[in-house]
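A.B. asks: I'd like to go over a predicted model; first the sequence, then the structure.
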Amino acid sequence: MNKHLYLRAYLAGIAVPTLMLLVIMTGYVILLYAVHFPVPVERVIVFPMAVVPNLWGLWNIAFVALRDKSRLSIGLHGMLLPFLLAPLGMLAASILDFSVPRFVVSVLPVAAPVALAAYYLAWKYLVNPLNQILEIA
């Protein structure tokens with residue numbers, strides 16, 4: 001199966017964040033409507049819903065395209081993606097005039113390494129098996 005290599009890579013890349021966004025949105029809806037906890041993210045929710053899965057798909061295409069030239073493992077390759085997503089998220093928040101709560105800024109020194117580790121593990125243990133199933137690993 002060597003037809004449509006990059007399409008298969010894109011689909012394997014978008015699968016994981018799309019499923020995670022369903023879980024996150026379910027939690028958001030429960031918090032908002034069942035618990036009546038006001039979470040003002042409606043203005044910026046478009047960024048993670050539209051941009052993040054597409055960037056994961058494009059990032060996986062980049063991994064497949066560069067795998068012969070780069071000796072980077074898929075986990076390390078995936079761990080680099082937050083360095084692109086974080087500035088784009090901050091740019092989107094500033095354009096939409098979304099104020100980031102102070103506790104988010106104070107948690108950042110701990111959250112950043114946790115996010116990098118989570119991305120490494122997601123790419124190594126979730127995206128890589130999908131690549132293997134689709135015969136693009």
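C.D. replies: Good, I have the coordinates. Residues are numbered from 1 along each chain as shown.
A.B. asks: Now Leu126: closest residue in space, sequence neighbours ignored.
C.D. replies: Val16 (4.7 Å; CB to CB, 6 or more residues apart in numbering). In this view, the C-beta of every residue, glycine as well, is placed from N, C-alpha and C.
A.B. asks: which ones are touching the one you found?
C.D. replies: Taking CB atoms under 8 Å, 6 or more residues apart in numbering, we find Val16 in contact with Trp56, Ala122, Leu126, Val127, Leu130.
A.B. asks: Buried residues of stretch 128-136, list them for me.
C.D. replies: Buried positions in stretch 128-136, judged by neighbour count with 16 or more other CB atoms under 10 Å: Asn128, Leu130, Asn131, Leu134, Ile136.
A.B. asks: and which of these is nearest Leu31?
C.D. replies: For the buried residues of stretch 128-136, the minimum distance to Leu31 (CB to CB) is 29.8 Å, reached by Leu130.
A.B. asks: For this structure, which segments count as helices?
C.D. replies: Under the criterion DSSP state H, helices of the chain are mapped to 5-29, 46, 52-66, 74-79, 82-95, 102-122, 128-133.
A.B. asks: least reliable of those going by mean pLDDT?
C.D. replies: Of all these, the minimum mean pLDDT falls on helix 46 (a mean of 72).
A.B. asks: from the chain's centre, how far out does it sit?
C.D. replies: Centroid displacement of helix 46 relative to its chain, using CA atoms, centre = their mean, to the nearest Å, is 13 Å.
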